[in-house]
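K.L.:
Model the structure of this input:
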Amino acid sequence: MNCKCHRQDEQRSLLYMGFNQDQTGFSIGTTHGFRCYNCEPFQLLHCQDSIGGIGIVERLFRTSLVTLVGSEECSPAFHPNKVIVWEDNRSEIGGEISCSTPIRGVRIRKDVIIVILDALVRVYSFNQLQLIDRVPTISNPTGICAVCPMTSTFRL
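P.N.:
Prediction:
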């Protein structure tokens, strides 16, 4: 993987790919930024290609709200210990969550943001970004986690 990608003429490398909650779209993180796509019809919706490496991108359904985590591998846009809530329509940070260890995964719903760490899952309220629960886990260096997208039930 080529991680010294600062010039526009250099190759971008894929660091992350994930579908949104209802699989109607997907997001990718690259060594230069992130992109969000619709699946049907296939089209590019949001693109930030010059902010730096993005290791995790999660888009909230079909909205312009995404959560971003900087890459640990190369020139991160943001610190890999922070979740950035990004409002892409305004190209600005709407909030951030800081952790003491690298973030391994993020899942979002309309009511909560779930942050996956090596041996802990933290649940934050979406609106206030306040910690509402901590769930100890076994070692989880790849950030595996599934969440029910419906706000009427909470399954982690």
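K.L.:
Count the neighbours of Val112 for me.
P.N.:
Neighbour count for Val112, taken as other C-beta atoms under 10 Å: 19. Backbone N, C-alpha and C define where each C-beta goes, glycine included.
K.L.:
same question, Ala119
P.N.:
Ala119 has 13 neighbours, counted by other C-beta under 10 Å.
K.L.:
That one reaches Ser139, doesn't it?
P.N.:
Yes. If you go by C-beta atoms under 8 Å, Ala119 and Ser139 touch, sitting 5.6 Å apart.
K.L.:
which stretches of this protein form strands?
P.N.:
Assigned by DSSP state E, the strands in the chain fall at 14-19, 25-30, 34-38, 43-48, 54-59, 65-70, 82-87, 92-98, 105-108, 112-116, 120-125, 131-136.
K.L.:
Could you spell out the sheet neighbours of the first one, each with its direction?
P.N.:
Each strand that pairs with strand 14-19, with its direction, by DSSP bridges: strand 25-30 (antiparallel).
K.L.:
gap between the one residue sitting closest to the centre of the chain and Asn38?
P.N.:
Residue closest to the average C-alpha location in the chain (C-alpha atoms, centre = their mean): Val57, at 2.8 Å. For Val57, the distance to Asn38 (C-beta to C-beta, to the nearest Å) stands at 15 Å.
K.L.:
same thing with Gly52?
P.N.:
25 Å.
K.L.:
Ok, Glu96 next?
P.N.:
Taken as C-beta to C-beta, the span from Glu96 to Asn38 is 27 Å.
K.L.:
Appreciated, that's everything.
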